[in-house]
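Enquirer: Here is a sequence with its predicted model. Questions after.
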Amino acid sequence: MRFPDSFLDEIRARLPASQVVGRRVKLRKQGREFAGLSPFNAEKTPSFFVNDAKGKWFDFSAGRNGDIFSFVMETEGLSFPEAVERLAAEAGVPMPATDPAAEVREKQRASLYDVLEAACRFFEQNLQSREGSAARDYLASRRMGPEVQKRFRLGYAGASRSALKEHLAAQGISQEKMIEAGLLVSGEDIPVSFDRFRERVIFPIADFKGRVVGFGGRALAPDVPAKYLNSPETPLFHKGALLYNGAEARKAAHEAGTVIVVEGYVDAIAMCEAGFRNTVAPLGTALTERQLAILWRMAQEPVLCFDGDNAGMRAAHRAIDVALPLLKPGHSVRFALLPEGKDPDDLIGAAGPEAMRAVIDNAQPLIDMLWARETEGRVFDTPERRAELEFRLREIARSIADESVRRHYEQALAERVAAFFAPPDAGRQRTEDRRWGKRRYGDRSAVVGRPSFAYRYPDFSRRPIAVSEALRRSARTAGLPALREAVIVMTLVNHPGLIASHLDTFAHIELGSRELDSLRGQILEIAGEDPSIDAAALRGRLEAAGFAALIERLDGLIRRGGTWQAGPAAADRDAEDGWQQAVTLHRKSRTLHKELKEAEAALASEPSDANLARMVEIQRQLANTDGTEALIDGFGASSGRPSRGF
């Protein structure tokens, strides 16, 4: 039987290619793709790649490629209908009815594309006619000249109530088809149907195959009740499951490594013209769960860009609530906030693409936006109010469905609460006294968010919550950076099953020790040849390669440091949690050391309170980073050790 394209697209949307292929091929993340050994040819070096954004797999050794259906057909010997049925069941998509009526409906649906394409051409021609002069003037005022109009197929709907209807009727298109496509307004109380779009600049909306499925219209008259008007829900147009510029942005997002979400059509076009072709926009509504799922197929951390006004902040806060329950390992969102009173089109027009690039590059993690939403502008001058904050954050963390992400959010938010209400250290107190006279940092009756150095909190999202005395002693004798690097390398020696999941991070993290760098290179080479190697075999091959003495020294170092999670006795889950914490602290420490050098140089050249405050703050963060080990919620439980919770 012939399956409807919409049915197959729904299965593809619900099943990432890496998930389907990963059942047969052991995949590891490699940049924006997944790599593995060919299931069709015997090979030692991976030449098989999967791209979730494209929904495709590529086997360069066998010269084959395809989608999830062809992969199941070729690896399981199924026919196309059998493969579709298998994957539909996995995706939870009911099989379409096989009666003749279903095939008729699919043909009708296919013909709607033709109707909408004809309407799009009509709007395009109308924009370039004498009637469209006012619309062209408006577009020119927004820096959308002829080339932009052509590229985005912009159009114009005139004032006539029947111009489009008459044009399409002359081509033999029935009124019923026009109504089904959402082009006419009709109803029992409307004697004569009429054009839905009138006196509006038209923005065609395409699906992810580039086919026109609907329109958005921007009113030119200032007194129109609805400034923007979209097509209604139709068999082709589902507002919550589409993104403006989605088809083009998906290609660009693969190259850029991220996707940017702005609030409107004009902003999306302005971003594309400024070089940010990986930009999309929702269709005049708040971001939906379905749209977020689509974005995650394009990039693991989409950047949500909001206008710098109250409406923009409200939209950002709504996006937090949509995203939180859906977070999963490696998948989140970041927030880019524009200067107040500016949207992307304004900012690019006033300051150029570089200013917009700076906004995108400074996008904040979701947890920072969440913390700001729950604390800024609020007073925490009583124990009850502080307890309320802690309770609210705990409840928010519990809304996250994924257990692992929820656990890390509970830890991070608990650390921020503890740090927020903890007594200040002397260095910070002196800085506060110098800047604010007699006003004391310890006076928590102030409103959070005032422009005080005292309230510029560092990122505590990865700060450990307990201190190991053994690790402190080891830090003094062996040097903590060396110990952390030992943990990073030896954890994967003792738990090689984690290498595939963290290959990219492990391969590129900076190591200060040449010996460890050489050992890392050997580990990667062995793991590439034998991805399923166990710890004993890996250690044996490393020792045979001349690393026996180094491994013995590293074993002793992690024992003295009390970093049991890097040893062979730790459960894989605890080893992975400890490894990720070590990587985070290692990166943070290296960054802080670089920032400290810059701060010291700035203070030497300009001995101001601001430069002194910056140096003191960096020193404080370094002190908090040094000599600490990860104790996260549930940490150690998998290995039979006592754990502490949130």
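Expert: Right, received. Where do you want to start? Numbering: from 1, shown residues only.
Enquirer: Ranking helices and strands of this structure by mean pLDDT, which lands last?
Expert: helix 469-478 (a mean of 35; mean pLDDT, DSSP states H and E).
Enquirer: After that helix, which helix or strand is next?
Expert: helix 480-494 (DSSP states H and E).
Enquirer: so how far is that next one off the chain centroid?
Expert: 29 Å (Cα atoms, centre = their mean, to the nearest Å).
Enquirer: heads up, I number from 25, so please use that
Expert: Will do, 25 is the new start, and the previous item becomes helix 504-518.
Enquirer: Give me the mean pLDDT for the next helix or strand after it.
Expert: Counting by DSSP H and E, the next helix or strand C-terminal to helix 504-518 is helix 527-532. Helix 527-532 shows a mean pLDDT of 83.
Enquirer: ok, and for helix 527-532, which residues are buried?
Expert: Using 16 or more other Cβ atoms under 10 Å as the test for burial, helix 527-532 gives 527, 530. Just so you know, the C-beta spots here come from the backbone N, C-alpha and C atoms, and that holds for glycine as well.
Enquirer: residues making contact with that helix?
Expert: 52-55, 512, 516, 523, 544, 547-548, 551, 607 (Cβ atoms under 8 Å, 6 or more residues apart in numbering).
Enquirer: Could you list the low-pLDDT ranges of the stretch 425-574 of the chain?
Expert: 447-506 (pLDDT under 70).
Enquirer: What segments of it are helices?
Expert: All helices of the stretch 425-574 of the chain, identified by DSSP state H, counting those that start in this stretch, fall at 427-444, 450-460, 493-502, 504-518, 527-532, 538-553, 559-566, 572-584.
Enquirer: of all those helices, which gets the most neighbours per residue?
Expert: Of all the helices of the stretch 425-574 of the chain, helix 504-518 has the most neighbours on average by mean count of other Cβ atoms under 10 Å, namely a mean of 24.
Enquirer: Centroid-wise, who is the farthest residue in the chain?
Expert: The C-alpha centroid of the chain is most remote from residue 215, which lies 48.9 Å away (Cα atoms, centre = their mean).
Enquirer: Name the surrounding residues that touch the one helix or strand that residue maps to.
Expert: For residue 215, the host element (DSSP H and E) is strand 214-219. Residues outside strand 214-219 that contact it (Cβ under 8 Å, 6+ apart): 181, 184-189, 199, 202-203, 207-210.
Enquirer: now stretch 559-576
Expert: 514, 517-520, 539, 542-543, 546-547, 550-551, 554, 557, 592.
Enquirer: again, only this time at 7 Å
Expert: 517-520, 539, 543, 546, 550, 592 (Cβ atoms under 7 Å, 6 or more residues apart in numbering).
Enquirer: got TSV for those, with distance to residue 528 too?
Expert: Compiled in TSV, those are given as follows (distance: Cβ to Cβ, whole Å):
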residue	distance to residue 528
517	18
518	20
519	17
520	16
539	22
543	18
546	18
550	17
592	24
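Enquirer: which residue sits closest to residue 555 in space, ignoring its chain neighbours?
Expert: Nearest-residue entry for residue 555: residue 50, 5.5 Å, with adjacent residues in sequence omitted and distances by Cβ to Cβ, 6 or more residues apart in numbering.
Enquirer: ditto for residue 78
Expert: Distances taken as Cβ to Cβ, 6+ apart place residue 278 nearest to residue 78, at 7.0 Å, with adjacent residues excluded.
Enquirer: Can you name every helix or strand that the helix or strand hosting the one you found contacts?
Expert: In this assignment (DSSP H and E), residue 278 forms part of helix 270-280. Here helix 270-280 touches strand 303-304, going by 3 or more Cβ pairs under 7 Å, 6 or more residues apart in numbering; DSSP states H and E.
Enquirer: what's the angle between the helix or strand following the strand it packs on and helix 270-280?
Expert: Elements were assigned by DSSP H and E; along the chain past strand 303-304, the next helix or strand is helix 313-322. Using axes from the mean of the first three to the mean of the last three Cα atoms, to 10 degrees, the direction of helix 313-322 lies 40 degrees away from that of helix 270-280.
Enquirer: Only alpha carbons, please: show helix 313-322 as CSV.
Expert: What follows is helix 313-322, C-alpha atoms only, in CSV (Å, rounded to 0.1, in the frame of the first residue of the first chain):
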residue,chain,number,x,y,z
GLU,A,313,6.1,21.2,23.3
ARG,A,314,6.0,20.0,19.7
GLN,A,315,8.0,22.9,18.4
LEU,A,316,10.6,22.3,21.2
ALA,A,317,10.9,18.7,20.1
ILE,A,318,11.5,19.8,16.5
LEU,A,319,14.2,22.3,17.7
TRP,A,320,16.0,19.5,19.6
ARG,A,321,16.2,17.6,16.4
MET,A,322,18.1,20.5,14.9
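Enquirer: Hmm, residue 106 and residue 93 touching each other?
Expert: No - if you go by Cβ atoms under 7 Å, residue 93 and residue 106 don't touch, sitting 10.0 Å apart.
Enquirer: Same question for stretch 342-354: list its buried residues.
Expert: Those buried within stretch 342-354 under the rule 16+ other Cβ under 10 Å are 343-344, 346-348, 350-351.
Enquirer: Please apply the same query to stretch 410-420.
Expert: So, applying 16+ other Cβ under 10 Å, buried residues of stretch 410-420: 413-414, 417, 420.
Enquirer: Quick check: closest non-adjacent residue to residue 346.
Expert: residue 311 (5.6 Å).
Enquirer: which phi and psi does the nearest residue to residue 263 once chain neighbours are set aside have?
Expert: Leaving aside its chain neighbours, residue 263 sits nearest to residue 307 (4.8 Å; criterion: Cβ to Cβ, 6+ apart). Residue 307 adopts backbone torsions of phi -100, psi 60, taken as degrees, to the nearest 10.
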